[in-house]
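A.B. asks: fold the following and give me the result.
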Amino acid sequence: MRHFALSILLLLGAATLSARGPMYVVNGTVVESIEHIAQEDIESIDVLAADDETIAQWGLGASEGVILVTLRYDTPAYFEAEGENNYTSYLAHNVRWGKNMNPERVSLRIVVDSEGRATISKVLQATSRQFLKRVEQAISSSPLWHPATRNGKAVESTHLINLLLPEGESLPVERGVILL
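C.D. replies: Predicted coordinates for the structure are as follows:
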């Protein structure tokens, strides 16, 4: 009985150590994570059980199941202008915020329309109105994106922007009093 219990514990331990979680497949491509995908860009999600059929189709990586994500577009939007291919970097270089100014942060959800124009759809966080206003100005005057496409036609897509300036700085730690 003791050997049987020890064998079960060893098997459970090995199974726990090998558990990687489900395989993620986005528009037919296996990816490590889906955390970066905005909810608004997801058209559908299907969950496949870790059965013989799923493993036969997707391989041993599907032994914990498969999460199939279909996006509203085939090709994602991308930004490429003035030597920049990252929109956050572009904004960091085009928002007027000097090194002698206090560190500020903004987190935004932007929409890139079918013509490539970026607009703010939601302000998630802003440490000051002054900084937000300067970021809004940079976005409104920024060059066009290459829009996302679906079946060869340009479509709208959503993106998250997190910007902290001056670059390389960090926000001061907020001090508070804890009452017990």
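A.B. asks: walk me through the domains of this protein.
C.D. replies: 20-71, 87-165 (automatic domain parsing).
A.B. asks: possible to save these as JSON lines with distance to Val173, mean neighbour count and mean pLDDT?
C.D. replies: Just so you know, the C-beta spots here come from the backbone N, C-alpha and C atoms, and that holds for glycine as well. Output for the domains of the chain, formatted as JSON lines (distance: least, C-beta to C-beta, whole Å; neighbours: other C-beta atoms under 10 Å; pLDDT from 0 to 100):
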{"stretch": "domain 20-71", "distance to Val173": "26", "mean neighbour count": "13", "mean pLDDT": "91"}
{"stretch": "domain 87-165", "distance to Val173": "11", "mean neighbour count": "16", "mean pLDDT": "94"}
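A.B. asks: CSV for these, including distance to Glu80?
C.D. replies: Formatted as CSV, these follow (distance: least, C-beta to C-beta, whole Å):
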stretch, distance to Glu80
domain 20-71, 19
domain 87-165, 7
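A.B. asks: now the end-to-end length of stretch 94-107.
C.D. replies: 16 Å (C-alpha to C-alpha, to the nearest Å).
A.B. asks: check the offset of that stretch from the chain's centre.
C.D. replies: Offset of stretch 94-107 from its chain centre (C-alpha atoms, centre = their mean, to the nearest Å): 23 Å.
A.B. asks: ok, now which ones touch Ser142?
C.D. replies: 81, 87, 90-91, 94, 118 (C-beta atoms under 8 Å, 6 or more residues apart in numbering).
A.B. asks: which one of these sits closest to Pro22?
C.D. replies: Nearest to Pro22, judged by C-beta to C-beta, of the contacts of Ser142 is Tyr87 at 30.2 Å.
A.B. asks: isn't the closest one right next to Ala81, touching?
C.D. replies: No - judged on C-beta atoms under 8 Å, Tyr87 makes no contact with Ala81 at a distance of 9.0 Å.
A.B. asks: so for Ala77, which of the domains of the chain sits nearest?
C.D. replies: Across the domains of the chain, closest to Ala77 is domain 87-165 (C-beta to C-beta), at 4.3 Å.
A.B. asks: among the contacts of Ser142, which are located in helices?
C.D. replies: Counting by DSSP state H, the contacts of Ser142 place 87, 90-91, 94 in helices.
A.B. asks: export those residues to TSV and tack on distance to Gln125?
C.D. replies: Formatted as TSV, the ones in helices among the contacts of Ser142 follow (distance: C-beta to C-beta, whole Å):
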residue	distance to Gln125
Tyr87	17
Tyr90	20
Leu91	15
Asn94	20
